[in-house]
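got a sequence here, can you model it:
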Amino acid sequence: MKRWSICACAVLTCALTAGVSVAETWRGLVVVPECRCSPYDKKKDYGYSQKLERKIVKRLGSVYGPYTKRCFASERETDIEHIVATSEAHDSGLCSRSREERLRFASDLRNLTLASPSVNRYQKSDKDAADWLPPKNQCWFVNRVVEVRQAYGLTIDRREKEALERVLSKCESMRMEPVKCGSKADAGR
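Presented below is the predicted three-dimensional model:
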């Protein structure tokens, strides 16, 4: 209970600093500007085990990158990708939470998928949905962003809210588009 009140205080402080008097909500998320209420240290506060990659592959059913619908020959060709980037989550409320909760966030399978290194490191990187959307599986992606933010009581800024709503308003399904990987011909498609 105490951690949520600390977070609420941090969100309120950030909102007041930004000139927001009454916070708007959208899909259960408080809409306020991002706020870095403590230093961001990815290695210290958002570390995770590479062993998670096997769990992600098991959940996906193969070594597959849903952002591009690409099949990979092996896990060595992929990066573990945070759907809601750790720096984005940090600036959306995790900055006021305990190190343990930050580590839990970094290892939460709901927020992890696979991507090619070029997509993870150079295209998406630490961007939110206002600045980057995957070319494939957009409905699944934006729905997952909302679910993860809701699960951790994170805030959302207006630009990202509007970007997510534009995609969600066109979605018929929030499911990941199926792909069958397995043959050598599938790798790299």
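
all strands of the protein, in order?
With DSSP state E, the ranges of strands along the chain come out as 24-26, 29-31, 64-65, 70-71, 79-82, 112-115.

OK, contacts around residue 140?
Residues near residue 140 by Cβ atoms under 8 Å, 6 or more residues apart in numbering: 66, 174, 175, 176, 177. Every residue, glycine included, has its C-beta placed from N, CA and C.

want to throw the residues you listed into CSV with neighbour count and distance to residue 127?
Listed next are the contacts of residue 140 as CSV, based on neighbours: other Cβ atoms under 10 Å; distance: Cβ to Cβ, whole Å:
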residue, neighbour count, distance to residue 127
66, 21, 17
174, 15, 21
175, 11, 24
176, 19, 20
177, 12, 22
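
would you turn those residues into JSON lines with distance to residue 150?
As requested, the contacts of residue 140 are exported to JSON lines (distance: Cβ to Cβ, whole Å):
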{"residue": "66", "distance to residue 150": "20"}
{"residue": "174", "distance to residue 150": "14"}
{"residue": "175", "distance to residue 150": "18"}
{"residue": "176", "distance to residue 150": "19"}
{"residue": "177", "distance to residue 150": "23"}
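
show me the two of those that sit farthest apart.
Spatial extent of those (Cβ to Cβ) is set by the pair 66 and 174 at 12.5 Å.
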